[in-house]
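Q: what shape does this take:
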Amino acid sequence: MPKLTIDDIEIEVPVGISVLQACEIAGKEVPRFCYHERLSIAGNCRMCLVEMERAPKPIASCAMPVGEGMVIRTDTDTVKKARSGVMEFLLINHPLDCPICDQGGECDLQDQAMAYGIDHSRYQENKRAVEEKHMGPLIKTEMTRCIHCTRCVRFATEVAGVPELGLLGRGENAEITTYLEKSLDSELSANVIDLCPVGALTSKPYAFVARPWELKKTESVDVLDAVGSAIRVDARGAEVLRVLPRLSDDVNEEWLSDKSRYACDGLRRQRLDRPYVRQEGVLREASWAEALAAIGSRMRGLDGSRIAAIAGDLCDAEAMVCLKDLMAKLGSANIDCRQEAAHLDASVRGSYLLNSTIAGLETADAALLVGTNPRWEAPLVNTRLRKGWLRQGLKAGVIGAPIDPTYPTEYLGAGPETLLEVAQDNHPFADTLKAAERGAVIVGTGALSRQDGGSVLAAVRQIADKLGLVRDDWNGFNVLHQAAARVGGLDLGLVPGPGGRDVAGILQGASDGSIDVVYLLGADEIDMAKLGQAFVIYQGHHGDTGAHRADVVLPGAAYTEKNGTYVNTEGRVQLGRMATAPMGDAREDWTIIRALSDALGVSIGVKSLGDVRQRLVEVNPLFDRVDEVVAAAWEPFGASGPMGTTAFSLPVDNFYMTDPISRASETMARCTQDFVAPKQERTGTHG
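A: Below is the predicted model:
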């Protein structure tokens with residue numbers, strides 16, 4: 001490890017880092033605009049100039065690798081003069097519109113101009129003006145403010161994998177633009193807003209809405225997919241105004257998908273804010289007492305075998321464990337959290353996790369994707385696979401519908417026949433997996449929710465075992481979930497008990513009359529037409545398909561309105577926190593279930609959130625290990641059987657609308673119109 005001296009402090013640093021990074025290790029602040037630790041080096045803003053002994057002029061510290069014996073100075077008069085000169089150059093053409101700029105209060109240029117700039121300029125010429133660019137419904141452009149740091153260009157090319165942005169022209173005519181003057185088509189496009197150090201790229205839905213000092217900031221987790229991205233919820237009063245990413249190296253790094261960022265406007269539309277009871281075929285407003293009484297009169301004295309419950313995709317673990325205990329008290333084994341009817345074995349944790357971990361996937365050198373499109377199901381898992389391709393040349397094979405995951409893939413086949421060939425080591429890609437140091441297979445719910453899903457799971461397990469993808473230091477067997485509630489529900493055992501019915505069985509029972517009452521805990525993705533004449537109780541926060549079918553509607557809290565526990569696709573227990581109060585008469589979900597148990601004359605034994613969380617730990621001790629990934633034991637699971645010949649389908653056909661919140665979002669509707677509808681028209685498919 002090389003030793004160097006920075007401002008008379010001798011330090012030892014890792015090989016290959018830059019002088020700028022070494023200065024940070026030494027505790028010295030170095031200003032920068034173009035440099036970003038997760039992007040390639042550009043070296044074009046020159047703000048990070050420092051003096052190096054024996055160098056004829058100041059050097060750009062971001063682009064200079066460290067060397068043994070270097071002597072660096074960051075606080076000399078020469079450095080200060082160089083930085084103020086660079087700042088003066090940057091402000092030559094920058095407009096003086098800070099009072100109306102949405103970046104105000106969060107602007108790197110403002111901060112660094114105060115710290116390193118001067119109070120006047122020697123340039124009196126007219127400032128240049130740049131025509132605004134169209135980058136879609138999410139990104140608002142004011143390109144006159146651009147300082148050409150090219151962070152956005154490098155992000156689009158390197159991380160998002162859509163090289164649609166570039167710097168065109170030279171000198172005063174240089175401009176950042178989309179090459180074809182069209183929307184930036186990426187599920188991660190809005191991250192360029194966070195990266196932009198000035199106000200050139202800002203949030204279009206958030207334009208002129210609020211200033212940062214007006215907002216209450218709450219750290220939480222995202223639940224609109226199963227990644228569990230770390231987020232910050234910014235609210236003013238009772239309204240969530242924006243959602244931003246938080247740093248989490250193990251999960252989302254510092255990125256966030258566009259849906260997770262912008263679907264928050266759906267939190268104030270189509271909301272359930274009071275109970276409803278169906279009378280004479282019409283849902284009418286009711287009090288909590290009337291709603292609970294209506295459920296009690298219908299369920300009291302009913303045999304448990306005629307009652308069923310389904311937990312939806314956005315449920316917190318507290319609500320699910322209370323629902324499980326209530327159903328047990330009522331004597332019902334008809335409960336399921338696998339809303340998409342995936343054939344997953346809840347008794348073996350390693351059978352339903354992303355065992356390689358999200359961060360671990362970027363170290364894989366071969367991956368087989370089965371019935372999944374990670375770009376739409378989990379964009380921030382897809383970025384890890386893309387990083388693996390960039391770093392060590394990941395070889396990816398696809399079985400199922402053709403996809404474009406932003407890195408090269410080899411299309412192997414459409415369905416079970418190809419999967420069986422790989423499992424039996426009769427396919428060339430099997431050799432690729434065997435030769436890999438860290439091979440992985442990733443199966444999606446599109447392949448597991450078929451009637452032969454159990455056999456598909458067994459075949460994927462056979463691939464992991466036979467081709468050496470599971471070792472003491474590496475587990476390459478992965479299930480990629482889409483729902484934030486799925487792993488938590490499986491960890492809590494929300495699956496049919498002895499003699500109980502799964503989702504398909506519940507729907508069949510409701511159709512033929514053997515199930516009288518169906519409790520839908522935020523379950524909107526099932527076929528409501530199959531519920532027949534059953535008495536349906538819907539507990540949720542949006543007037544989606546479940547509420548339309550319900551006989552009694554119980555208004556619950558959305559994920560930003562409650563303290564909840566979630567488990568992401570890799571098995572990491574995470575805590576979501578309340579940013580705003582529930583809307584209207586809505587209540588936190590576990591409190592509703594507890595009140596219902598009282599109305600039914602049974603007790604689930606909890607009175608506070610602390611009691612519920614203690615109950616979580618009793619059911620599964622892993623809930624006491626927050627923000628940890630505990631490796632699951634590799635135990636036998638799955639039973640081989642015949643598979644059909646139908647091609648694997650993809651579970652997501654519209655990334656922007658996958659749940660009640662995003663379906664209620666006006667911004668997501670605009671994204672669907674801009675990005676999804678034209679593709680469906682070209683291909684003749686409609687979701």
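Q: quote the end-to-end distance of stretch 526-540.
A: Chord length of stretch 526-540, first to last residue, is 14 Å (Cα to Cα, to the nearest Å).
Q: now do the buried residues in it.
A: Going by neighbour count (16 or more other Cβ atoms under 10 Å), the buried part of stretch 526-540 is 526, 528, 531-532, 534-540. (C-beta placed from N, C-alpha, C; glycine too.)
Q: name the residues that touch it?
A: For stretch 526-540, contacts defined as Cβ atoms under 8 Å, 6 or more residues apart in numbering pick out 272, 295, 298-299, 310, 312, 339, 503, 507-508, 510-513, 515-522, 524, 545-556, 589, 592-593, 660.
Q: show me which of those are buried.
A: 272, 295, 299, 310, 312, 339, 503, 507, 510-511, 515-522, 524, 545-547, 549-556, 589, 592-593, 660.
Q: show me the shaky parts of the protein.
A: Flagging of the chain using pLDDT under 70 yields the residue ranges 681-687.
Q: the same query, at a cut-off of 80, please.
A: 180-181, 679-687 (pLDDT under 80).
Q: all strands for the stretch 1-150 of the chain, in order.
A: 3-6, 9-12, 49-52, 59-60, 71-73, 139-141 (DSSP state E, counting those that start in this stretch).
Q: ignore the last one, the stretch 301-450 of the chain
A: Counting by DSSP E, counting those that start in this stretch, the strands of the stretch 301-450 of the chain are 307-311, 335-336, 366-370, 395-399, 409-413, 439-444.
Q: between the two ends of stretch 431-443, how far is it?
A: The first and final residues of stretch 431-443 sit 19 Å from each other (Cα to Cα).
Q: buried sites along that stretch?
A: So, applying 16+ other Cβ under 10 Å, buried residues of stretch 431-443: 432-433, 436, 438-443.
Q: nearest to Ala235, of these?
A: Of all those, the one with the least separation from Ala235 (Cβ to Cβ) is Ile442, at 35.6 Å.
Q: for the nearest residue to the closest one once chain neighbours are set aside, list each beta-bridge partner.
A: Leaving aside its sequence neighbours, Ile442 sits nearest to Asn478 (Cβ to Cβ, 6 or more residues apart in numbering; 4.5 Å). Beta bridges link Asn478 to Leu354, Ile442, judged by DSSP bridges.
Q: what's near enough to touch Ala291?
A: Contact analysis of Ala291 by Cβ under 8 Å, 6+ apart lists 275-277, 552-554.
Q: next one: Pro137
A: With contact set as Cβ under 8 Å, 6+ apart, Pro137 has these partners: 183, 204-205, 667, 670-671, 674.
Q: got a list of contacts for stretch 505-516?
A: Stretch 505-516 has contacts (Cβ under 8 Å, 6+ apart) with 302, 306-308, 310, 334, 336, 496, 501, 518, 526-527, 530-535.
Q: so what's the residue count around Thr76?
A: Neighbour count for Thr76, taken as other Cβ atoms under 10 Å: 13.
Q: same thing with Ser608?
A: A count of nearby residues for Ser608, using other Cβ under 10 Å, gives 11.
Q: against Met578, how distant is it?
A: To Met578, Ser608 is 15 Å away according to Cβ to Cβ, to the nearest Å.
Q: likewise Glu421?
A: On the measure of Cβ to Cβ, Glu421 and Met578 end up 51 Å apart.
Q: and if you look at Pro428?
A: 53 Å.
Q: quick one: which of these two has more around it?
A: Counted by other Cβ under 10 Å, Pro428 and Met578 do not tie: Met578 has more neighbours, with 18 against 11.
Q: hang on, the more buried one in a strand?
A: No. Using DSSP: H, G, I helix; E, B strand; the rest coil, the secondary structure at Met578 is coil, not a strand.
Q: separation between it and Tyr276?
A: Distance from Met578 to Tyr276, by Cβ to Cβ: 24 Å.
Q: same question for Gln112.
A: Where Tyr276 is concerned, Gln112 sits at a distance of 54 Å (Cβ to Cβ).
Q: which of those two has more neighbours?
A: More crowded of Gln112 and Tyr276, by other Cβ under 10 Å: Tyr276, with 23 against 19.
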